[in-house]
Structure formats: C-alpha cells, structure tokens
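Trainee: no FASTA, just this:
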C-alpha cells in the first residue's frame, strides 16, 4: 500500500514535466499529465494530495484547472508554476484558492521545502478536524478529555467505583484534573441526583475549615450569630470532595475519621450527633503514605481513605492527549472571546508537543487562553507562545559561540538535529529548515555521512 503523498504534475513541456518527476519520485508518489484535460481525468480516478500545475498551457489554463479541481476536491492543495513575468497571474491564482506559487525555472530545493510545508500544514488541518469530531462526540468521560492509555485506565477505574459507596482517594500532581474525576465519579454513580460539594482544604485556616466542614451552633465562638450547616450536611445524599486533604490539621482529621466510620458529625459548639449519608472523595498532591511514616498524617484516617485509589498521570506522560486538549480549549476560548481561530500552525504544534507541561492541564488551559486572547491571526503560531515555553520546549538548543566559524556552527546544528530525530534525515532537514537534498550535500561536505 502506497503511503507516500501523491503529487500530480501538470505541464505541457515534456522536459519540465519529466524533470520534476525525477526530482520528486524518491519522496512522493508522482503522477504526470500533459494538459488540463488529462489532469482532470487523473483527479476523477485517483486521490491526489498536491496539484502542481503550470499556468500557461494550450486549451484550459492552470488557473481554470485549479478552479475545476477545487470545486470537486476542496481538500486538494494547489501550487501554481509561473514564468518570471507572470507574477500577476500567480497572485490571481492565490486569490482563487492556490496554496502557493513558484516561478520557473524551478529551484528544486525550494520546491521540496514548499511541498514539505504545505503537506505538513494539511496534515495539521486534518488532525484539527479529526480532533473536533472526537471532541464533538465527547471523547473521554464526563467532560474529562483523553485518549491515551493512562487515561483509559483512569476511565475504567471511574466506571468501576462510581456505583459503590467506597471512599475514593485521587492522587496526582497539581493541575491534573482531580476535581473533574471526583465529579465524574459522582455523576456516574447512584448519587447523581444528590449534591456534589467541593472544599479546597488548603485555602482555609484550620479553625475556619472545621466550621466549614461540620457547621457550628449559634454562640459556638465569637461571631457565630446563628447556626450554620456544614459541608458534610450539605452533601447529605450526595458526594463531598475534599481537595488537598493532606493539608488538614490532625484535630480535624479525627472528626473526619469519625464521620466516615459512624456516619455522624457534631457541629462546632454542639453535642448532638447529626446523621449524614455522604460519600467522601478525597484528593492529594502529596504522598500521604510518606506523610504517615513521618507522623504528619493520621495512619487510621489514611487507611480509611485508602480504599480505592485513582492515580492521575501528569500531562508529560500522556502526550497523545496534548493535541486533543489544545483543540478543546481553543474551542472553549474562541467561544468565550468571540474569536474564530482555526487551529495551530505546524511549528506551534511542534513546540507545544515538545514542552514538558510542569503545570499540567491547568497550565495548558491558561496558556491557550492567553494565546487566543492576544492573537490576531487565523492560526496560533510560535510567536503567540510565551518565550519561556519556547525555550524549555527547545531542550536547550546550541547557543551562538563567538569562537566558532559559521561552518562549525552549522555542523553542530546538523549533528544536534540528527540526534534529536534519532537519525531521521527527513525530520532533521525539516527541523533545520532545509531540504533533504541540501542536508545530504552538507553531510558529505562535513564528513558526517
């Protein structure tokens, strides 16, 4: 099965046509036609990626051919070939739908670069469309987006535990989506008609947290002017999500343990037990077991929480999901900001895919929002990505050394590009912004073959 991109060359000059075929056939599946009529016949019977057509031909000209071709094959990429004096025709072709144009005689190195660029852009566009389709069909679980292996394992765990009454502990770095998982467990379980109540424990002082969780009676402390119902009671019949439970003081941990074991709480300042039917879902971004060993967290509460554990992978371990998440948040922030940004350029995708995402999904979300708000173009490009992200994604590229000659510098860059691409010359040439033919020549010049 042919996996090479298919290029159709249309030129009435046999020598020009044959020369392009010879130049491109190593990397592409190349077809040729001597006029527009023959080209339309090929297009009717074969799937073509790129139409490479001369403008001036007997009978139907290249622009009319392109219009006819795009009418039936709107996904087709068209590059127009013109004589030096036909720039006006090339401009008109661009207005009519051409992706690019080149003047004759054709510079083969430049042609390879142009073909590589337009095909990569086409691939990204196709991926964006596929991602939108996947997102439209809710690729994931209860608004959690993911298609990678680690996330499929998380989805399986959520489905298994959702219908049970078991306490669930969600572990993972900050920004990995622990609250989304907690909501999914609630929504997929038998308590979906009950309330989902979330408390971010680290945001409250210990005195406030105790009152927040268990409520208080009137006069329980200065400022307690009336009885207040706590979050355990508010979540009765539903689910209570305690985020960053590792930050809770030992005195509050005791009361949580009692609530779990006896299904009863006492309000602050009160002595009457209150029955609660609340499912607890907890989350921690610290190692609770290690904290127990250090005496920083109660062992009995730890084992009461450690019934079912779901560990969320960091974004750096689920690279298959990065493009999916980028596309999702682009749609979200397009809608919020009244914009119609169509996607990401191939160069931007390369940078964002290479980035480590230390802040996980939260960082990705905030970065896309910033890019959308500040961008004025139809595509988000490398220039829209913050400098610190670009620098980290580059992995520490070679810096300019005043003691090196230009040739020595170029040689180092070639070696580094080959190392980064595992010796793949096509990818290395793309990374260096040169054609594979040029890279091959330079490898010979520098004795790197």
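Mentor: Cool, the structure landed. This structure is a prediction, so every number in the text was calculated from the model and none was measured.

Trainee: and residue 52, its phi and psi?
Mentor: phi -110, psi 100 (degrees, to the nearest 10).

Trainee: residues contacting residue 42?
Mentor: 8, 31, 33, 48 (Cβ atoms under 8 Å, 6 or more residues apart in numbering). For every residue, glycine as well, the C-beta is placed using N, CA and C.

Trainee: buried ones in the host helix or strand of residue 66?
Mentor: Assigned by DSSP states H and E, residue 66 belongs to helix 62-72. Using 16 or more other Cβ atoms under 10 Å as the test for burial, helix 62-72 gives 62-63, 65-66, 69-70.

Trainee: likewise for stretch 333-348?
Mentor: Residues of stretch 333-348 classed as buried by neighbour count (16+ other Cβ under 10 Å): 333, 341, 343-348.

Trainee: tell me the one of these nearest residue 186?
Mentor: residue 333 (26.5 Å; Cβ to Cβ).

Trainee: which residues touch the closest one?
Mentor: So residue 333 contacts 339, 368-369, 372-373 (Cβ under 8 Å, 6+ apart).

Trainee: which helix or which strand is home to residue 181?
Mentor: helix 178-188.

Trainee: buried stuff in that helix?
Mentor: Neighbour-count burial for helix 178-188 flags 178, 180-188 (criterion: 16+ other Cβ under 10 Å).

Trainee: what about the contacts of residue 333, which are in helices?
Mentor: Under the assignment DSSP state H, these contribute 368-369, 372-373 to helices.

Trainee: for the buried residues of helix 62-72, give me CSV that also has distance to residue 299.
Mentor: Output for these, formatted as CSV (distance: Cβ to Cβ, whole Å):
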residue, distance to residue 299
62, 78
63, 78
65, 77
66, 74
69, 72
70, 70
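
Trainee: which pair of those residues spans the longest distance?
Mentor: 62 and 70 (12.3 Å).

Trainee: just checking, next helix/strand downstream of the least confident helix or strand in the chain by mean pLDDT?
Mentor: Lowest mean confidence among the helices and strands of the chain (mean pLDDT, DSSP states H and E): strand 140-141, at a mean of 60. Under the assignment DSSP H and E, the closest C-terminal helix or strand after strand 140-141 is strand 144-145.

Trainee: what residues does that following strand touch?
Mentor: 135, 139, 151, 154-155, 177, 180-181, 184, 321, 324-325, 328.

Trainee: now it, how far from the centre of its chain.
Mentor: Mean C-alpha position of strand 144-145 versus that of the full chain (Cα atoms, centre = their mean, to the nearest Å) differs by 12 Å.

Trainee: which residue sits closest to residue 57, ignoring its sequence neighbours?
Mentor: If you skip the residues right next to it in sequence, residue 57 has residue 12 as its closest partner in space, 4.7 Å away by Cβ to Cβ, 6 or more residues apart in numbering.

Trainee: distance of the one you found relative to residue 178?
Mentor: Computed as Cβ to Cβ, to the nearest Å, the residue 12 to residue 178 distance reads 65 Å.

Trainee: same question, residue 192
Mentor: 19 Å.

Trainee: please apply the same query to residue 114.
Mentor: Relative to residue 178, residue 114 is positioned 46 Å away (Cβ to Cβ).

Trainee: if we can go back for a sec, could you look up the next helix or strand downstream of the helix holding residue 181?
Mentor: With secondary structure assigned by DSSP H and E, helix 178-188 is succeeded by strand 196-200.

Trainee: what packs against that next one?
Mentor: helix 178-188, helix 206-214, helix 231-234, strand 239-243 (3 or more Cβ pairs under 8 Å, 6 or more residues apart in numbering; DSSP states H and E).

Trainee: where among the ones you listed is the average confidence lowest?
Mentor: Here the lowest mean pLDDT among these goes to helix 206-214, at a mean of 86.

Trainee: could you say what helices and strands that helix packs with?
Mentor: Against helix 206-214 (3+ Cβ pairs under 8 Å, 6+ apart) you get strand 196-200, helix 231-234, helix 250-262.

Trainee: try 10 Å this time
Mentor: strand 196-200, helix 231-234, strand 239-243, helix 250-262 (3 or more Cβ pairs under 10 Å, 6 or more residues apart in numbering; DSSP states H and E).

Trainee: assign residue 413 to helix, strand or coil.
Mentor: Secondary structure for residue 413, judged by DSSP: H, G, I helix; E, B strand; the rest coil, is helix.

Trainee: can you give me the distance of it to residue 54?
Mentor: From residue 413 across to residue 54, the span is 36 Å (Cβ to Cβ).

Trainee: among the two, which residue is more densely surrounded?
Mentor: Shown here are residue 413 and residue 54; by other Cβ atoms under 10 Å, residue 54 has more neighbours (23 against 15).

Trainee: measure the more buried one to residue 335 for me?
Mentor: The spacing between residue 54 and residue 335, counted by Cβ to Cβ, is 44 Å.

Trainee: just checking, residue 6 touches residue 32?
Mentor: No. Residue 6 lies out of contact with residue 32 (Cβ atoms under 10 Å); the separation is 11.8 Å.

Trainee: quick one: end-to-end length of stretch 259-277, please.
Mentor: This stretch, stretch 259-277, spans 9 Å end to end (Cα to Cα, to the nearest Å).

Trainee: actually stretch 100-112, not the one I typed
Mentor: In terms of Cα to Cα, the two terminal residues of stretch 100-112 are separated by 13 Å.

Trainee: what's the average pLDDT for that stretch?
Mentor: 87.

Trainee: got a markdown table for the contacts of strand 144-145, with distance to residue 24 too?
Mentor: Shown next, in a markdown table, are those (distance: Cβ to Cβ, whole Å):
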| residue | distance to residue 24 |
| --- | --- |
| 135 | 36 |
| 139 | 37 |
| 151 | 40 |
| 154 | 45 |
| 155 | 45 |
| 177 | 46 |
| 180 | 48 |
| 181 | 50 |
| 184 | 50 |
| 321 | 35 |
| 324 | 33 |
| 325 | 36 |
| 328 | 37 |
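
Trainee: let me know the closest of the residues you listed to residue 364.
Mentor: residue 325 (5.6 Å).

Trainee: what about the closest one, distance to residue 150?
Mentor: 14 Å.

Trainee: identify the contacts common to those two.
Mentor: Listed as contacting both residue 325 and residue 150 by Cβ atoms under 10 Å, 6 or more residues apart in numbering are residue 318.

Trainee: which of those two has more neighbours?
Mentor: In this view residue 325 and residue 150 are compared by other Cβ under 10 Å, and residue 325 has more residues nearby, 21 against 15.

Trainee: pull the number of nearby residues for residue 57.
Mentor: Residue 57: 21 neighbours (other Cβ under 10 Å).

Trainee: pull the contacting residues for it.
Mentor: Listed by Cβ under 10 Å, 6+ apart, the contact partners of residue 57 are 10-13, 33-37, 39, 64-65.

Trainee: same check, this time on residue 299
Mentor: Counting by Cβ under 10 Å, 6+ apart, residue 299 makes contact with 289, 291-293.
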